[in-house]
Every structure is written in C-alpha cells, then in structure tokens.
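Asker: Quick one: sequence plus predicted model below, questions after.
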Amino acid sequence: QKLSVKYEDPLPLSKDVFLVSRTIGPMKAGIMGIFLVDRFGNEVLVHKSDQPKVGCFDPMLVRTTPKPAAPADEVDYSKKTGTFAVMNVYEGTHMEGVKPGSVKYLRVVDNPPKMFWSGPSYKGHGAQAPAMNFYDFDNKRVLGTVPVEADGSVQFTAPIDKFVYFQLLDENGKMIQSMRSGIIVQPGEMNACIGCHDDRDNAPPPRPISKLAALQKAPFNITEATAETKGNFSYQEVVQPIFDKHCISCHDYDKKAGKKLNLSGDQTAMFAVSYIELHKKKMITPVGGGANKIYNAYEWGSHQSKLIKTLEGKHHDVALSDDELRTLITWVDLNAPYYPDYSTAYWGNPGGRSPLTGKDQGQMSKLTKVKIERYTHGGPWHFNFTRPEFSPILENVKDDATKAKVIEIIKRGSERLRTTPRNDMPGYVPSEEHQLRTKRYEELYQRELANRRAIQTGNKVYDPGIK
C-alpha cells in the first residue's frame, strides 16, 4: 500500500513530542519540511525551505553550552618511554582454568610496521605480499619479559611509538594467554587496564589501586637496549640452527625419520623445508587470520604444540639446552614467524620471495603437468633450491630428459639465490625500492620527532619546501 505522507529523521523532545522530517504536498515532489508532531496525531509545520524543490532533513536542536574543561595533557615529549600497568592479569574473560599464581611473567612483543607493498586481502583474512609466514601476516620482536607480582599486578615502561602486545607466561616461559590486538604508548603517557581480556562492560573490582604490589615500586624498565631479540625474529637465524644441531642427522632426506618429518633448512620458493613440514604435519598450533575468535587460555601455542611436547619428553638421545628449548617455545608462542621483515630482493616474482619468475614456473608446469600456485601456499614445497634433486615436483616425472630440464630451471633459481641472497639468508640486501622506502620512513619519523621538540619548546618547525 502506497503512503500518502512520508516521515523520517525523528528527534524526540519528550516521551510524547518529536521533531521529524515530513513530506509537504504531493509525494511525487518529495519535498520535506520540519514538523512538530505528538503521539496523539497533532502536526505543526515549523520550518520549510524558501527554495523550490529543496527539502529539509535531520532536525537537530542547537543551544548554548558551556565550553568543556580541557583534559590535562598526558604527553611529555621530553620522554622516550611511556608506562603500562595491569591491575590483575587473572581478571577478565577467557581465563578459565588459569590458577592464581600460575602467571609468572608478561612478555612484551613489538609488531613492527609494514613499510612495504602488501597485496590484496586473502579472502578478507588479511594481506601478506611478499610472503611472511603461514597463517600470520606479521613480523615480531620481543622487547622484554616483565615479572608478574603475586597479586597479579604488573607495571613497566616501554619505548614510545611501538605497536606492542602482551603475552602471559608460566614458570617455564610458556604462553598461557595472548593479546590479539595491540597498543601504542605516547611519550610520558600512562596506560592501564583492569586485566587480561577484561570485559569492557564490567567495572574494575573494588580493590585499592594504591595497594597493588606492582605500583609500590618503580616500573620495570624495558628499553631498546634490553630487547631480547637482536632485530626482528628470523626463523633461519634463530630456529633452524637448533634443528641443524640436534635433528637433521635423522630428520633429513633419505633418512627414515625424515619421511615422517623433514627438518632440513633447504630453501624452497618462499620458506625452509622444515618450516613447511612443521606446519603441514601439524607439529605447531598457530592462529590464522579470519574470524575474530578470542581463544581460551592454553588453547594454542606451546602448550598445544606437538613439537614442544616431543622435545620436553624423552626423544631418543636429543638433549636441548634450556636456552634452545626456550627459543623454540618463544618461536611457537609468537605464532611461528619466518621472515624478519617485509622487504625483499625479489619484488616481482611469485610470492615476492621466489628466485624463479612466473615464466620459469610456467615452463615447469608445462614440463611436469603440475599446477603451480603463484602466490598461495601451494607453491613453496614444489622446489628445493639447496638440493634441486630433492624437489618434490620431480616425483612424478619419469622421463630423464624432462627431469633434467626441470632441474636446470630449479638450478637457475639456486644461482640467483647465490648471487642475490633472500631475506632469510646471510648477505641479504633489500631491493632498491625497499631501501628507498626504509629511508623515507626514517625521514618521516625524524620529522615527527622534530615536530614534538618544537611543541615542547614552543618553537615552530616547517615541513621541507615550506618557508
């Protein structure tokens, strides 16, 4: 049924009286005026436009209001750190099963910025291009680990302008729960939260903040100098050497254990063989992109990892040092990162990492009849650039002449890696484009610091080119 009058944009003045937009004249004209209406059917036109065919919408009351008091400035640009405080790490949602006293440390993780190109989002889950990791799109750096007080309180300083997140650790340094978002602290700023995964609809429990153990002492100091990882976390630099030392004597090509789990560090199109194997064989439990699920405590990470459980038990005569085991635990709990950053020397190649071009891969697809995915995880395990003869793409190639041609193409990639190392290899140098972007990022950050100094001193500073 067609309406003879159209209403929209109601603004209640009381429980009985409203201001609304309402049609004036024929519906076809669509001209709207402002009417005062009540619940009893009374209507009064209070305003209409003096221009033909121009309507009025969205009535809103305007009145004089006192200027609100300006909040105190919490930023002190003379500082290079800010402060974080957690009232009680045991407080909040998704912490069921975490017994008081079981959280011993809080790890502070830096999630460095993406300064380089990232491709289209993968099915809405996120973007990584060049390839970074399986399931995770980010690089990581551990800034420090802070002790948690017996009452669950924590207080620490952290460097400014870092996008950081926090993880709760048990006495063995294994993750109990992890923050899935992040936060940045400004110079001299104080940020505090009720607990971990605290419910935003709840008020903090009635306890005197002044009596929290962490607030009775100076904040634990985290600085650039105390960072626990030298640069960003790199799988080939930190994790693979442990496998090389303890595992590949059995877990390698042509070894019985290697058929179950290959832990060699050979280079594939994007990652190391061991990295792919650990994911494919579900020896680790990373959290992927996609739906914004909040995980329960102990649900993922080192507590669920088959790799960590195996190495913590008696696995033949393997005897890792405490530092080596702690390194693997940390790697798993950081969601198994691989590359240290987004820069690359193979800008236009598949995945932004492969030494083979799309044309090279196309030639091999024709020779082997194997479909090679260009950007997804289907591509990495087809090739072995360290030992080309072990490349999986050769498994179904029976003809010796064809096999020789395929190996020749793979060796082409091996030679490129030798002369132009990748981001997971010694001697790596970023592409010229990425070097320029890094330089530009640093220039912009230094300009921001200059602006802050100008605010602090009351001086003026102008962007380059502005007099």
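Answerer: Happy to help now that I have it.

Asker: going forward, measure contacts between C-alpha atoms and count neighbours the same way
Answerer: OK.

Asker: Just say helix, strand or coil for residue 142.
Answerer: With DSSP: H, G, I helix; E, B strand; the rest coil as the basis, residue 142 sits in strand.

Asker: Would you list the phi and psi of the closest residue to it other than its chain neighbours?
Answerer: Residue nearest to residue 142 in three dimensions, not counting chain neighbours: residue 109, with 4.5 Å by C-alpha to C-alpha, 6 or more residues apart in numbering. Here is the backbone geometry of residue 109 (degrees, to the nearest 10): phi -110, psi 130.

Asker: residues contacting residue 109?
Answerer: Each residue near residue 109 by C-alpha atoms under 8 Å, 6 or more residues apart in numbering is listed here: 140, 141, 142, 143, 144, 164, 165, 166, 167.

Asker: Spatially central residue for this structure, please.
Answerer: Centroid-nearest residue in the chain, with C-alpha atoms, centre = their mean: residue 138, separated by 4.6 Å.

Asker: would that residue count as being in a helix?
Answerer: No: assignment of residue 138 by three-state DSSP gives coil, placing it outside any helix.

Asker: picking that back up, where's the residue nearest to residue 142 relative to residue 190, distance?
Answerer: Using C-alpha to C-alpha, to the nearest Å, we find residue 109 at a distance of 18 Å from residue 190.

Asker: For residue 454, state which of the contacts of residue 109 is nearest.
Answerer: Among those, residue 164 lies closest to residue 454 (C-alpha to C-alpha), at 26.8 Å.

Asker: got the phi/psi numbers for that closest one?
Answerer: Taking degrees, to the nearest 10, you get phi -120, psi 160 for the backbone angles of residue 164.

Asker: Report how many residues lie close to it.
Answerer: When neighbours are counted by other C-alpha atoms under 10 Å, residue 164 registers 24.

Asker: In contact with it: list those residues for me.
Answerer: Neighbouring residues of residue 164 by C-alpha under 8 Å, 6+ apart: 108, 109, 110, 111, 182, 183, 184.

Asker: Just give me the neighbour total for the closest residue to it other than its chain neighbours.
Answerer: Spatial nearest neighbour of residue 164, chain neighbours left out: residue 110 (4.5 Å); criterion: C-alpha to C-alpha, 6+ apart. Using other C-alpha under 10 Å, residue 110 has 23 neighbouring residues.

Asker: you'd agree residue 331 is in a helix?
Answerer: Yes: counting by three-state DSSP, residue 331 is part of a helix.

Asker: Spatially, what comes nearest to it if we skip its sequence neighbours?
Answerer: In this structure, residue 331 finds its nearest non-sequential neighbour in residue 337, 7.0 Å apart by C-alpha to C-alpha, 6+ apart.

Asker: Residue 343 and residue 322: what is the separation?
Answerer: As judged by C-alpha to C-alpha, residue 343 and residue 322 stand 32 Å apart.

Asker: who has more neighbours, these two?
Answerer: Between residue 343 and residue 322, counting by other C-alpha under 10 Å, residue 343 is the more crowded of the two (28 against 9).

Asker: If you count neighbours, what's buried in stretch 13-25?
Answerer: Of the residues in stretch 13-25, 17, 18, 19, 20, 21, 22, 23, 24 count as buried by neighbour count, 16 or more other C-alpha atoms under 10 Å.

Asker: and for it, what are the contacting residues?
Answerer: So stretch 13-25 is in contact with 5-12, 30-39, 56-59, going by C-alpha under 8 Å, 6+ apart.

Asker: so which strand or helix has residue 328?
Answerer: Following DSSP states H and E, one finds residue 328 within helix 322-333.

Asker: mind listing the strands in this protein by residue range?
Answerer: Ranges of strands in the chain, per DSSP state E, are 7-12, 17-23, 32-38, 43-47, 81-88, 105-110, 141-147, 154-159, 164-169, 175-178, 190-195, 220-221.

Asker: what are the bridge partners for the residue nearest to residue 164, then?
Answerer: residue 141, residue 164 (DSSP bridges).

Asker: Residue 162 is in contact with that one, correct?
Answerer: Yes: when contacts are counted by C-alpha atoms under 8 Å, residue 110 is listed as touching residue 162 (6.3 Å).

Asker: How about residue 328, nearest residue that isn't a chain neighbour?
Answerer: Nearest non-adjacent residue to residue 328 (C-alpha to C-alpha, 6+ apart): residue 239, at 6.6 Å.

Asker: for the contacts of residue 164, which one is nearest residue 437?
Answerer: Looking across the contacts of residue 164 and measuring by C-alpha to C-alpha, the closest to residue 437 is residue 111, at 18.2 Å.

Asker: excluding its backbone neighbours, what's nearest residue 246?
Answerer: Per C-alpha to C-alpha, 6+ apart, closest to residue 246 is residue 318, 6.4 Å.

Asker: doesn't residue 245 make contact with the one you found?
Answerer: No: distance between residue 318 and residue 245: 9.9 Å, which falls outside the contact criterion (C-alpha under 8 Å).

Asker: Below-threshold pLDDT in the stretch 351-467 of the chain: ranges please.
Answerer: Along the stretch 351-467 of the chain, segments meeting pLDDT under 70 span 373-380, 466-467.

Asker: Give me the neighbour count for residue 209.
Answerer: Per other C-alpha under 10 Å, the neighbour tally for residue 209 reads 12.

Asker: which residues sit in contact with it?
Answerer: Listed by C-alpha under 8 Å, 6+ apart, the contact set of residue 209 reads 87, 215.

Asker: Kindly state the pLDDT recorded for it?
Answerer: With respect to pLDDT, residue 209 scores 76.

Asker: how near is it to residue 192?
Answerer: Distance, residue 209 to residue 192, by C-alpha to C-alpha: 11 Å.

Asker: Spit out the residues that contact the two alike.
Answerer: By C-alpha under 8 Å, 6+ apart, the residues touching both residue 209 and residue 192 are residue 87.
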